[in-house]
Structures are given as structure tokens and as C-alpha cells.
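Colleague: sequence and predicted structure below; questions after.
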Amino acid sequence: MAKLRQEIRRGLSKAQLRDYEKVLTAPALHLAPIRVKREDEIPLGASKLGGLPDLPPGRRWPQLSGTPLSFVAQIRLDDARATLPSPCPWRLPRSGMLSFFVDDLAQVPRAIVMHVTLRRLTRRPVPADFAAANPGRVPYKASGVRMTRTATVPAANHPVVVETLENRYAEAYAEHVRIVRPPAHQLLGFRNHPYDDDNPEDFQLLLRLVSDELAGMRWGDDEALDFFIKESALKRGDFRRVFAYIGD
């Protein structure tokens, strides 16, 4: 983390943009998958990728148009808040868990994200009609998660860069601030992607899941599944409208 911050600051210094560091950098969490032999090795309510969701009474496995969605991740919020730096620009709820589901059978994915409590959780079985539309459909493999803090910067064509910097400084940013990292699962921050000009300025990356053999996830042509939320909704802790996206 320290080396990464030094690399970012060197790039900003070369571009004469150190005064913009708070605007052009953002903390995030990398979510490293941990292999397990059986899903019951992962405690109820722990952060994980794939497998079966842990849900409280009254919360059903979500569906869209009558088809059960695929469960892809759950993030325990007190763990995430404890790992993020303080103060942090991202306001996550203090307690509970975010459960991520996606319609991975549709050409354009749709998502449902639920903020659930940690009380009386049960690990829900796969719905009986989960594979009705696709007989080969199975849940994604379960893996635990290790959270580590990281720093991120926006792509040169991200609205934050375009709207904040004059042309000559934007060109200097594009030339000197090039932080290339291997694809990784990520919570919050700027996504590690060279093309962000189509994303509205008021949208925030909530979660990025990359194609991952360990979790049995493959998005598009070895791309990533991104969940976006409006910044105003994130500040309110309102996850009713989260948008999923696969590709550039």
C-alpha cells in the first residue's frame, strides 16, 4: 500500500498535480479469494464470493421476471469499514451485510443488492427452479475473502479527470499517472480500467468482480462484472437501485 501511494504521488508530482491528490485518488479494498474445500468452512455472515447466500428470515432469494438470480458475493460491512482508512469518503452502513445477485442469463445483466441484518442468518439452498431456463446452470463456487486496503486512481478519460482538470493538466495526468495492476476483485474506489468516459460523474463503483477460475466466474471475454450506484444513494445507504455492467 505504501509503495503504491508513493508511485501515485510520483506520477502526480511529475504532472504538477499534487494539489489534486484528494480528488484524483480514492481508497478501495481488494478482495482476495480464499480457497475452501467445503462452503461450511466459511462462517455464517462472513464475507465471501459465490456459494449460497446467508439471509435472515423474511428475505427471499431474489428473482427477476420469475427467474432466480445468481448469488455472486456478500460483504460484511463491519469488516469493510474496519479495513478502510479513516476518515473515508465512502459512507458504508455501520452494520449488516451487502448481498449481491445478478441476472447472468440476460444479455444485459441486471442486479439486486440487498442490505441485510446479521440476525438469525440461514444459508439458503438453491431454488428448485434455478436451472429451469438453463439446465447447465449451477451456483458459483464458494470462496472466502481476505480484505486488504489499496489506493486507486481514475482513468484519464474518467469524468472526474475531465471535469476537474484543464486540458494541459489532463494530458499531463494521462502521461504520468499510469497505475497498472493485475485484475482483482474490488470494493469501492475507481475501477482498474482504461475506459471510463461513459460512466456518469455521479456514479460510484460499488463492487468489481473479475473473471476468476477459483470462484468459477467468467464475465464476457474474461472481463469484469461491475456494480455501480449513485453517490447520493450510497451516502443514504440506499441499495435499491444498483446497476450491473460487463465489458468496457
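Modeller: Here it is on my side, so go on.
Colleague: which residues sit in contact with residue 203?
Modeller: Counting by Cβ atoms under 8 Å, 6 or more residues apart in numbering, residue 203 touches 228, 229, 230, 231, 243. The way it works is simple: take the backbone N, C-alpha and C, and place the C-beta from them, glycine included.
Colleague: count the residues that sit near the third one.
Modeller: Going back to what we said before, that points to residue 230. Residue 230: 16 surrounding residues under other Cβ atoms under 10 Å.
Colleague: follow-up on the earlier one: filter the contacts of residue 203 down to the buried ones.
Modeller: 228, 229, 230 (16 or more other Cβ atoms under 10 Å).
Colleague: now, these that are in strands?
Modeller: 228, 229, 230 (DSSP state E).
Colleague: now tabulate those residues in CSV and tack on distance to residue 26.
Modeller: Shown next, in CSV, are those (distance: Cβ to Cβ, whole Å):
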residue, distance to residue 26
228, 14
229, 14
230, 16
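Colleague: so which residues of the chain form strands?
Modeller: For the chain, the strands defined by DSSP E cover 26-35, 48-49, 54-55, 63-64, 67-68, 70-76, 97-102, 111-116, 122-123, 143-152, 186-187, 203-210, 224-230, 243-246.
Colleague: relative to residue 85, which of those strands is closest?
Modeller: strand 26-35 (5.2 Å; Cβ to Cβ).
Colleague: beta partners of residue 28?
Modeller: Here residue 28 sits in beta bridges with residue 150, going by DSSP bridges.
Colleague: which residue sits farthest out from the middle of this structure?
Modeller: Going by Cα atoms, centre = their mean, the residue of the chain most distant from its centre is residue 168, 31.9 Å out.
Colleague: who's in contact with residue 99?
Modeller: 53, 54, 55, 71, 73, 74, 113, 114, 116.
Colleague: from the residues you listed, list just the buried residues.
Modeller: Buried by 16+ other Cβ under 10 Å: 53, 54, 55, 71, 73, 74, 113, 114, 116, out of the contacts of residue 99.
Colleague: mind picking the two most distant members of those residues?
Modeller: 54 and 113 (14.8 Å).
Colleague: quick one on the thing from earlier: identify the farthest-apart pair in the contacts of residue 203.
Modeller: Once Cβ to Cβ is applied, the contacts of residue 203 give 231 and 243 as the farthest pair, at 13.0 Å.
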